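Visitor: everything below, folded, please.
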Amino acid sequence: MLMDKILNLLGLACKARKLRLGFTATSVAVKKGEIQMVIMAKDSSPHTREKIERLCKQYRVDIYYIADQAKLGQALGKHSQTVVGISSRDMALAIKALME
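Guide: Okay, here's the model as predicted:
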């Protein structure tokens, strides 16, 4: 139920073009200071997870693990998705409130 709310918010953010989808797009946006929060699929590869965690720690960006790649992708109208960067401060705050 809670997961559905978060995935719905991500879907809205995607339609509003407030997300960066994928490892490369998210990494570049984090380095530019455009990302408020990173969402990763729980079943992401250890290699990808390590690189994103290091980047988020360096740039002080919150990172959360939710759903699996298929569910995360489905919420965003994709086949699967591993890494999502949220550029909207309001959307990041709303998701953070739900996560806590």
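Visitor: show me what the strand or helix carrying Ile95 is in contact with.
Guide: In this structure, Ile95 sits in helix 89-99 according to DSSP states H and E. Helix 89-99 has contacts (Cβ atoms under 8 Å, 6 or more residues apart in numbering) with 2, 5-6, 9-10, 12-13, 16, 18, 36-37, 39, 62, 64, 66, 86. No exception for glycine: its C-beta is placed from N, CA and C like everyone else's.
Visitor: residue contacts, Asp62?
Guide: By Cβ under 8 Å, 6+ apart, the contact list for Asp62 reads 36-38, 56, 92, 96.
Visitor: which of those residues tops the neighbour count?
Guide: Among these, Val38 has the most neighbours (other Cβ atoms under 10 Å), with 25 neighbours.
Visitor: run through the bridge partners of that residue.
Guide: Ile63, Gly85 (DSSP bridges).
Visitor: does it really touch Val61, like I thought?
Guide: Yes. Using Cβ atoms under 8 Å, Val38 makes contact with Val61 at a distance of 5.7 Å.
Visitor: need the residue closest to the centroid of this structure.
Guide: In the chain, the centroid-proximal residue (Cα atoms, centre = their mean) is Ile39; its distance is 2.5 Å.
Visitor: roughly how far out does stretch 56-73 sit from the chain middle?
Guide: Its chain's C-alpha centre and that of stretch 56-73 lie 4 Å apart, by Cα atoms, centre = their mean, to the nearest Å.
Visitor: this protein: strands as residue ranges?
Guide: With strands called from DSSP state E, the chain shows them at 19-21, 37-41, 62-66, 83-86.
Visitor: now the two most distant members of the contacts of Asp62.
Guide: Pairwise distances across these (Cβ to Cβ) peak at 13.8 Å, for the pair Cys56 and Lys96.
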